[in-house]
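In: please find the sequence and the predicted model below.
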2 protein chains.
Amino acid sequence: MPRVLVALPLLLLSASTLFATPRILRPEPTPIPLPRTTVTQDGEFLIDAGFRVAVQAPSDSRIWAGTNRFLQRLRNRTGLFLPQGRVASTDTLTAPGLQIQVEQTSALTVGVDESYALTVTPTGITLSAPTDLGALHGLETLLQLLKPASHWNPEVLAFAIRAATINDAPRFPWRGLMIDSARHFLPIEVIKRNLDGMAAVKLNVLHWHLTEDQGFRVESKVFPRLHEMGSDGDFYTQEQIRDIIAYADARGIRVYPEFDIPGHATAWLVGHPELASVPRDYAIERKWGIFDPAMDPTKETTYEFLEKFLTEMAGLFPDPYLHIGGDEVNGKDWNAAPHIKAYMEENGITDLHALQTRFNQRLLPIFAKLNKRMIGWDETFQPGMPTNIVIHSWRGREAMEDAARQGYQSILSNGYYIDLMQPASFHYLNDPLPADTTLTAEEAARVLGGEATMWSEHVTPETVDSRIWPRLAAIAERLWSPVDVRDVESMYERLDTIAVQLEEHGLTHIKNRRMLARRLTRGLDPEPLMLLADLVEPLKIYQRNADDSYTQFSPYTLLPDLAIADAPGARAFKRLVQLYHNNPANDSLQKALIDVLTQWRDNHAKFGALAFEAPALMEAYGLSYALKDLAILGLAALNHEPSPLPQDKVLALAREPVAKVELQVVDAVESLLPRQ
Amino acid sequence: MPRVLVALPLLLLSASTLFATPRILRPEPTPIPLPRTTVTQDGEFLIDAGFRVAVQAPSDSRIWAGTNRFLQRLRNRTGLFLPQGRVASTDTLTAPGLQIQVEQTSALTVGVDESYALTVTPTGITLSAPTDLGALHGLETLLQLLKPASHWNPEVLAFAIRAATINDAPRFPWRGLMIDSARHFLPIEVIKRNLDGMAAVKLNVLHWHLTEDQGFRVESKVFPRLHEMGSDGDFYTQEQIRDIIAYADARGIRVYPEFDIPGHATAWLVGHPELASVPRDYAIERKWGIFDPAMDPTKETTYEFLEKFLTEMAGLFPDPYLHIGGDEVNGKDWNAAPHIKAYMEENGITDLHALQTRFNQRLLPIFAKLNKRMIGWDETFQPGMPTNIVIHSWRGREAMEDAARQGYQSILSNGYYIDLMQPASFHYLNDPLPADTTLTAEEAARVLGGEATMWSEHVTPETVDSRIWPRLAAIAERLWSPVDVRDVESMYERLDTIAVQLEEHGLTHIKNRRMLARRLTRGLDPEPLMLLADLVEPLKIYQRNADDSYTQFSPYTLLPDLAIADAPGARAFKRLVQLYHNNPANDSLQKALIDVLTQWRDNHAKFGALAFEAPALMEAYGLSYALKDLAILGLAALNHEPSPLPQDKVLALAREPVAKVELQVVDAVESLLPRQ
């Protein structure tokens, strides 16, 4: 690049300013999940345009394609024109920069060896693993350790990895994400980019929620009316399912399906009303909630149908586990059906739980014949069920522990409901097996791990990534790293770093927020909206469901949809306020606070003007107004002036939810105000 | 929304400031392509939460699904919770806001009626069209006419469409985009979102370039080694091809394939070397350019193979047209093969063009049998070819006109090569049939239209959208709107508007630029990089190919890849400078210029610091430095100070290409400087 040479003297002139750059901006890169043991040494291995990789592995190993993906991501991230196109067993390299050694190609089953060892020295990197699954994890760790070379020469583009010895292995064998493709359909590419994201943070199982009241999303050749009449045409073909399973397998991720029965099953009944407990003109459910329709547990034909269907699906999904849901059967239709009441009396079934258990028991021989293991939500954990089923706990850790005590393997999802928009720290500190667990070692061994759940009532393909990422990485660390890794601040720092790296997979968690803002503001400068959006969070838990005007067709393109959990602007402001309280005499901190609050105050006029051109913003006008008043209060306090506004009123107003979001800076501003 | 009510008085208080918002920011929305005739009236039709659509159309019409897509886009853009889920023929609506009337479901063939009529009055909208294809175009026009309601009430969310009568129909029947999926593979979702974008600007044909030296991208069940050995596993399955064809058909877009033969065919020869003119150990080509491998035109087996393959593909692609490429056969392998030289002598074939024509002639009976019409690039236009083939002109309009004079139907792509990164205005003013054409009416009628070409040497799935959009909309207007629609400034204004609307389809032309910037800057603030990126354009035409280090594996993630044609920052600056020259006494314009130039000057230190943390930026350091010096010169001139730097040297340096990009503001800055 001749021009770089021209620029060189100029560069050296300004090198002093360059070296003045606070390195603190970039701490030593530290992976998430944190490896089990890391011993750092002096020096680093330089990665420049001469970098090459040599692989020793079985010819059928996942590592070959995995290394090619690694090389392309390395090129794309660094700008290095690495000459090595695709790795091959025929490569004969002397002193490759990275030497990968894989002993065996692993089956993709629960509890297989996922460990790896990395040795980085100034002369080279060695990645060795008993299985290719472990080696894939090692490559992700390497990509997270990448940094600019320290001995820095503007003429030679070079990155580096700090010298270290890393030995790593997961704490739990079951580290998953559940994706609900039923309530809002999520096209294949959404699933693929999230599988890539999962692999980047060492998750190893996708639980695919494929049927619901609101949609039946898998092609059935045996009962085509299921997807033809239950999906509006939004379903996965069997070729697409096989494609996803292969895509996930190549990344060391298991895929198992959930067919939620006997409740949450309206979409089944559109094409097959004969399965229903109550005759009704069934249509795809468009609203959110718990609904009455349930399969008829008293008819032989129900089980004959399910056996045929599950046999077809067992052939499509090779994983040994299959999830039957079983959650939230409200029993209304069972109570409303005289023949079901009669059946219960005849068979001495006294309550609906027992009836549902009878239903589940009837499925057990089918599962045995198909050589599948049954997983069900908490409701499946009932007297009379054998201990070879797996209990999936959404209600609480106690339920999971009870199951473990009674001999059931179990998975925890309670505390990992990322659709509820809680902070990453909440999920991060939620441990399936806390250090003080009362379970015996034998019982604890039955706790397989956990799964984050991405229920899709309030997300679309445009917003789902911003609900999953980067918070899922915090859960991934909880399930991978040692129990004593619990530094929340460090977790958030690493979350910010991985968030940008995750974009390499096409994930839209960052870029779609401004895209939605541009749409709402019709091409005008969206910054006044983004300033507000970065200070608010969507209503948490189930508050958003209180508005029953939401349906499958609603516009999920508004302020609560471009707002995210852990509001970035609020996080930064709270950090600044904390610093200020710790150093009240520091003028620059005070000035920084005044700058931020002035920006908030002056944003309101801009937001109002924007809302005039973009009516959909008007519902948030009061929020912008409340933020302005908050800023006025804060500025007065920082300038030691009397409060120009009624403090209590302003704070109370600022705490009110508006347009399905809540301001996250009220307490921090209040802490700046004089005690009343 | 109680909070809005609370906010209301405040709102009215500040309404004055709101009304002060310069409406000039938002001119009356005007569609691109511009309709044939628009007669506007007073008043507007209000679109609020009560808006409903009624459809009268054949049950098999594309308009049913098209209207559902329209409704969802309307909801997502406006935030209106429209109660109507999906339209159905059973809907009984009194006074629907939009009444759609479609006479017939159209076959998807060249020259069908695509016209529509829109009547917008304050009481309702009527969209009527002879075919559902026309009606789909009408819905796109409606979405482009949407604006905030004028009689504006903060309590009621409402948009509007200005009262008008629009009669519209296309100028050319063939309005296309060619996508090269071969050199860089482009996954299915890339094709789908671009089909949606095409439909939004009323394009009606996708020309799918599926085979090249660098890849064979379609599954062949007859000759599986073609895709198995020629694609690195990156190919479209036949189910995916059928899916794309159906997806396009639903949007009124034809899809026809190109299988480039006998040259550009290296990837075929990896699995089938017997087709080659010269025995060689064939491998997928990784570099860019024109290569020697070509099929052997002298072997019977070549034609037997092609007949079997084309028969399979003819069954896969229903469109009556099929493209054989035929471009850039350099003939070296033909000259190098003694048996081919001998064949030429025996058959009195004196030159390579004649040999290629002989090859093409041998394909004609196959096409006849398959009932397909042959399309070929200019090279196919040779003596001895029948006039029932279509000539696709990449060399120039003259060649196309010659073909038309000699009775051939033809398509123009010369001047529409959007991969060459030229300004939209260049493509926009390139007319297949300029007002002063010398073609007779009969000859002119043979000019079917044009196709933009997206060759994919220097693009990836991450960047291809930013090469296609929004410039493709300018070409779409050229091919749809009347010949005298040529206002470049108006075109650019409408391009800026449609650019944001196109994001509704998942197109990444805007959002991926900052995404790439975040990756390069490793999560640091990318704005110093974006400021520079918005002032430069990638090297144009084929300058980038001069660097032969580029391969299929190169990092297309650097400054030239996040830079775009029609650099937005440069466009804005040039406009400002023009205004200033027109009003030299205007202080606010001078101040605005000084602010911009000061920003440029001060950006350099920030860019340098960023490059220190993100080494891949260092290649652009000299560019940032040159911009700083330009700014210093401009500031001195505006402040009537003597030039602090050697003007000629600074300008010359600023005009040098750096890091595959060129600054676009040098002339504008020079125009501010004192004459030397």
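Out: Yes, it's here. Numbering: from 1, shown residues only, chains lettered A, B, ... in the order given.
In: looks like A:P122 contacts A:G43 (just checking).
Out: Yes - A:P122 lies in contact with A:G43 (Cβ atoms under 8 Å); the separation is 4.3 Å. In short, each C-beta sits where N, CA and C put it, glycine included.
In: so between the two, which is more surrounded?
Out: A:G43 (16 against 12; other Cβ atoms under 10 Å in any protein chain shown).
In: which strands border the strand or helix carrying that one, and is each parallel or antiparallel?
Out: In the assignment (DSSP states H and E), A:G43 maps to strand A:37-47. Taking DSSP bridges as the criterion, strand A:37-47 sits next to strand A:159-168 (antiparallel) in its sheet.
In: any part of the biggest helix by length in chain A near chain B?
Out: Scanning chain A for the longest helix, with DSSP state H as the assignment, gives helix A:587-613. Yes - judged by Cβ under 8 Å from any Cβ of the partner chain, helix A:587-613 comes into contact with chain B through A:605, A:608-609, A:611-613.
In: derive a PyMOL selection command for the buried subset of these.
Out: In PyMOL, a selection of the buried entries from those looks like this (16 or more other Cβ atoms under 10 Å in any protein chain shown):
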select buried, chain A and resi 605+608+609+611+612+613
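In: need the pLDDT of the closest residue to A:Q104 other than its chain neighbours.
Out: The shortest distance from A:Q104 to any residue other than its chain neighbours is 5.8 Å, reached at A:T131 (Cβ to Cβ, 6 or more residues apart in numbering or on different chains). The model reports A:T131 with a pLDDT of 98.
In: so what's A:T131 up against?
Out: A:102-106, A:112-114 (Cβ atoms under 8 Å, 6 or more residues apart in numbering or on different chains).
In: of those, which is the nearest to chain B?
Out: Ranked by distance to chain B (Cβ to the nearest Cβ), those are led by A:T105 at 17.8 Å.
In: picking up where we left off before, mutual contacts of A:P122 and A:G43, please.
Out: What both A:P122 and A:G43 touch, as defined by Cβ under 8 Å, 6+ apart, is the set A:A163.
In: if we can go back for a sec, the longest helix of chain A: which residues count as buried?
Out: Quick answer for helix A:587-613 (16+ other Cβ under 10 Å): A:589-590, A:593, A:596-597, A:600-601, A:603-605, A:607-613.
In: get me the contact residues on the stretch 201-350 of chain A for chain B.
Out: A:232, A:237, A:239, A:286.
In: nearest to chain B among those?
Out: Nearest member of those to chain B, counting by Cβ to the nearest Cβ, is A:E239, at 5.1 Å.
In: that closest one contacts B:R242, doesn't it?
Out: No - contact between A:E239 and B:R242 fails when scored by Cβ under 8 Å: they sit 10.7 Å apart.
In: quick check on the residues of the stretch 201-350 of chain A next to chain B: which are buried?
Out: A:232, A:237.
In: distance to B:L532 for the residues of the stretch 201-350 of chain A next to chain B - can I get that in JSON lines?
Out: As requested, these are arranged in JSON lines below (distance: Cβ to Cβ, whole Å):
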{"residue": "A:D232", "distance to B:L532": "46"}
{"residue": "A:T237", "distance to B:L532": "45"}
{"residue": "A:E239", "distance to B:L532": "45"}
{"residue": "A:R286", "distance to B:L532": "48"}
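In: now for the residues of the stretch 201-350 of chain A next to chain B: which two are most distant?
Out: Spatially, the most separated pair among these is A:E239 and A:R286, at 28.5 Å (Cβ to Cβ).
In: so which residues of the stretch 151-300 of chain A form strands?
Out: With strands called from DSSP state E, counting those that start in this stretch, the stretch 151-300 of chain A shows them at A:159-168, A:174-180, A:205-209, A:211-212, A:215-216, A:254-258.
In: tabulate the ones you listed (a markdown table), appending mean neighbour count.
Out: Compiled in a markdown table, these are given as follows (neighbours: other Cβ atoms under 10 Å in any protein chain shown):
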| stretch | mean neighbour count |
| --- | --- |
| strand A:159-168 | 20 |
| strand A:174-180 | 26 |
| strand A:205-209 | 25 |
| strand A:211-212 | 28 |
| strand A:215-216 | 28 |
| strand A:254-258 | 22 |
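In: can you put those strands in a markdown table and add distance to A:N371 and mean pLDDT?
Out: Below are those laid out as a markdown table (distance: least, Cβ to Cβ, whole Å; pLDDT from 0 to 100):
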| stretch | distance to A:N371 | mean pLDDT |
| --- | --- | --- |
| strand A:159-168 | 33 | 97 |
| strand A:174-180 | 19 | 98 |
| strand A:205-209 | 19 | 98 |
| strand A:211-212 | 22 | 98 |
| strand A:215-216 | 25 | 98 |
| strand A:254-258 | 14 | 98 |
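In: could I get those strands as CSV with distance to B:Q361?
Out: Output for the strands of the stretch 151-300 of chain A, formatted as CSV (distance: least, Cβ to Cβ, whole Å):
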stretch, distance to B:Q361
strand A:159-168, 56
strand A:174-180, 55
strand A:205-209, 54
strand A:211-212, 57
strand A:215-216, 53
strand A:254-258, 52
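In: nearest to B:E527, of those?
Out: strand A:159-168 (23.0 Å).
In: and the contacts of that closest one?
Out: With Cβ under 8 Å, 6+ apart, strand A:159-168 has contacts from A:28, A:35-48, A:78, A:80, A:115-122, A:125, A:137-138, A:141-142, A:145-150, B:615.
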